[in-house]
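# here's a sequence, model it:
(chains A and B)
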Amino acid sequence: MATAKFQLRNVRGSSLLDGLSAVVVLSIGLLGLAGLQGRVQNMAAAAENGTVALELAQSRLERLRGIASEPGRAGAGYARIGNSRETVAAIGDRHLDTPISLQVDVARFRLEAGAESHYIAAAADAPFQVDLPEFKRVTVTATWTGKTGVPHTVTLPGIISPAAF
Amino acid sequence: MRRARLDAPFRQRGVATLIVALVLIGIVSALSLASLSYGMQDRRAIADDGAARLAQEAAQAGLDQGLQFFRARRGEIVSAWLAGTGAYWERCSAADTSLPCGIAAAAVRNNYFRHAKALDMRAAFVDADGASTQQLIAKMGEYAVDYDVYALLCLVDTVQPNRQCIGADDLATENISADGFGGPYAITLVSRSTLTGEDGKPVQHAIARETIAPRAHESNALLGVVPGSWSDAGHLDTHGNYTAL
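The predicted structure is shown next:
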């Protein structure tokens, strides 16, 4: 009888140990999954920041195109397009998770007249001539720092021509 | 016999705990995997949206470069390129639905001229090192960029506007004088871009079109974009046939 009681206690102890082992295993699994979820969330946040940065870069490029095609042929708007840099912390009322730096780099090209006429690099401050074809190669670079401290960059190049009408 | 009876509940309780634990693990794993899958799909959708935007910008870059190409060659477009042995323009056939002829309505397609191939713009542009280049833009974001620019010429029919452009019955290119076609003309540019990922596989395509024309009826006038002519609507099937959407 005494042996039987002892065995019953062992049985109950074994069941508790089983349960505890299961809890430990479950906890390890859950921790792993939680870590994975965290990584996915970080990746989603980075992707969202990337989308916002791309939208900002696109918006800037479109604004520059708009400036270049201002009515009139004097090229005043086009002439204003030059290198610039600014930091965007909010879009309208929406505060960004991380500020995004927008840098605009401009290279100017002008047609070199001749039998085999082609575009060559031109000085940024050379006077604008209405009837001489030229364009600006614009690169908008959006840079931001992710939650993990890693810098990210989106580069959007474009070609901007002065209005002809 | 006694041991056997005592062993039975031992096994049953253990199995029950194990099953409960396994079920819990299963439920939590399924929930986590579903959440993970949703997160990955969300991320992929964001990446696809970004690639589509970049492809559209690349197609726009092709249009912008095409405009500059024709500005640089404005003295030849409707003279040397239209008549003579070095003519680049050829009439579209009514059945040609490939780019660029496919963008014109079938009924008037034969009134348009096409540039036989995608524009070869190497002679007009140089890269940062001064070497001839077909594309001023070769990379966008993390993608390599390719764009082909096609051109469709219309010698505007001012007498019969419903025909849009002067047809072969009314104007043979041989009859164009050495000074070139003297009337108004317009060129529709079609740009098709392809974004390629780091693994070398195409990721995204886009098509954009716009019409350019001389700003005035002058022999050497600068060409500009006709307001309201821009469109990104169009689809190219695997055989290269264009369909407006």
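# so which residues of chain A form helices?
Taking DSSP state H as the criterion, chain A contains helices spanning A:2-68, A:76-80.
# for chain B, find the nearest of these.
Each of these has some distance to chain B by Cβ to the nearest Cβ; the shortest is helix A:2-68, at 3.3 Å. Heads up, the C-betas are built off the backbone N, CA and C, glycines and all.
# now that closest one: average pLDDT?
Mean per-residue pLDDT for helix A:2-68: 78.
# where's the residue of chain A found nearest chain B relative to residue B:42, distance?
Closest contact between chain A and chain B, by Cβ to the nearest Cβ, is at residue A:164 (2.7 Å). When distance is defined by Cβ to Cβ, to the nearest Å, residue A:164 is 44 Å away from residue B:42.
# contact partners of stretch B:182-189?
B:62-63, B:66-67, B:70, B:77-78, B:100, B:103, B:149-156, B:158, B:166, B:209-214, B:217, B:223, B:226, B:229 (Cβ atoms under 8 Å, 6 or more residues apart in numbering or on different chains).
# more neighbours: which of residue A:164 and residue B:42?
residue A:164 (21 against 15; other Cβ atoms under 10 Å in any protein chain shown).
# tell me the pLDDT of the more buried one.
pLDDT at residue A:164 comes out at 77.
# residues contacting the residue of chain A closest to chain B?
Counting by Cβ under 8 Å, 6+ apart, residue A:164 makes contact with A:73, B:71, B:215, B:222, B:223, B:224, B:225.
# got any ranges where chain B has weak pLDDT?
Judged by pLDDT under 70, chain B has its weakly predicted residues at B:1-14, B:84-86, B:174, B:217-220, B:233, B:238-240, B:245.
# ranges for the helices of it?
So, for chain B - with DSSP H - the helices run B:2-72.
# which residues sit in contact with the residue nearest to the spatial centre of chain A?
With distances taken as Cα atoms, centre = their mean, residue A:50 lies nearest the centre of chain A, 2.9 Å away. Contact analysis of residue A:50 by Cβ under 8 Å, 6+ apart lists A:152, A:154, B:46, B:50.
# do you know the pLDDT at the residue nearest to residue A:151 when sequence neighbours are not counted?
Computed as Cβ to Cβ, 6 or more residues apart in numbering or on different chains, the closest residue to residue A:151 that is not its neighbour in sequence is residue A:145, at 5.4 Å. We have a pLDDT of 90 for residue A:145.
# ok, residue A:22 touching residue B:16?
No. Using Cβ atoms under 8 Å, residue A:22 is not in contact with residue B:16, being 10.9 Å away.
# who has more neighbours out of these two?
More crowded of residue A:22 and residue B:16, by other Cβ under 10 Å: residue A:22, with 18 against 13.
# OK, contacts around the more buried one?
If a contact means Cβ under 8 Å, 6+ apart, then residue A:22 has B:17, B:18, B:20, B:21 as its contacts.
# circling back to that earlier point, residue A:33: which of the contacts of residue A:50 is nearest?
Checking the contacts of residue A:50 against residue A:33 with Cβ to Cβ, the nearest one is residue B:46 at 22.6 Å.
# can you give me the neighbour number for the nearest residue to that closest one once chain neighbours are set aside?
For residue B:46, the nearest residue in space outside its immediate sequence neighbours is residue A:47; the separation is 4.3 Å by Cβ to Cβ, 6+ apart. Applying other Cβ under 10 Å, we find 19 residues neighbouring residue A:47.
# how much space separates residue A:47 from residue B:59?
When Cβ to Cβ is applied, the distance between residue A:47 and residue B:59 equals 23 Å.
# same question for residue B:47.
Using Cβ to Cβ, one obtains 19 Å as the distance from residue B:47 to residue B:59.
# with residue B:138 instead?
Distance from residue B:138 to residue B:59, counting by Cβ to Cβ: 14 Å.
# between these two, which one's more packed in?
Neighbours were counted for residue B:138 and for residue B:59 using other Cβ under 10 Å; residue B:59 has more, 26 against 15.
# ok, that one - contacts?
The neighbours of residue B:59, taking Cβ under 8 Å, 6+ apart as the test, are B:147, B:191, B:192, B:193, B:206, B:207, B:208, B:232.
# excluding chain neighbours, give the residue nearest to residue B:208 in space.
Leaving aside its chain neighbours, residue B:208 sits nearest to residue B:59 (3.9 Å; criterion: Cβ to Cβ, 6+ apart).
# between the top strand by length along chain A and helix A:2-68, how many degrees?
Determined from DSSP state E, the single longest strand within chain A is strand A:94-112. When axes from the mean of the first three to the mean of the last three Cα atoms, to 10 degrees is applied, the directions of strand A:94-112 and helix A:2-68 differ by 40 degrees.
# nearest to chain A: which residue in chain B?
Closest approach of chain B to chain A (Cβ to the nearest Cβ) occurs at residue B:224, with a separation of 2.7 Å.
# so that residue makes contact with residue B:210?
No. The criterion here is Cβ under 8 Å, and residue B:224 misses it with residue B:210 at 10.4 Å.
# so the two - more neighbours on which side?
Neighbours were tallied for residue B:224 and for residue B:210 using other Cβ under 10 Å; the higher tally belongs to residue B:210 (22 against 19).
# that one contacts residue B:225, correct?
Yes. In this structure, residue B:210 sits in contact with residue B:225. The criterion is Cβ under 8 Å, and the distance is 5.5 Å.
# please report the distance of residue B:164 from residue A:68.
Residue B:164 sits 29 Å away from residue A:68, taking Cβ to Cβ as the criterion.
# hmm, I was thinking of residue B:39
Residue B:39 sits 41 Å away from residue A:68, going by Cβ to Cβ.
# check residue B:41 too.
When distances are taken as Cβ to Cβ, residue B:41 and residue A:68 turn out to be 39 Å apart.
# how many other residues sit next to residue A:153?
A count of neighbours around residue A:153, defined by other Cβ under 10 Å, yields 14.
# next: residue B:144.
15.
# repeat for residue B:112
One way to gauge burial is a neighbour count; for residue B:112, by other Cβ under 10 Å, it gives 23.
# which residues does it contact?
Taking Cβ under 8 Å, 6+ apart as the contact definition, residue B:112 lies against B:91, B:92, B:101, B:104, B:152, B:153, B:154, B:164, B:165.
# many thanks, we can stop here.
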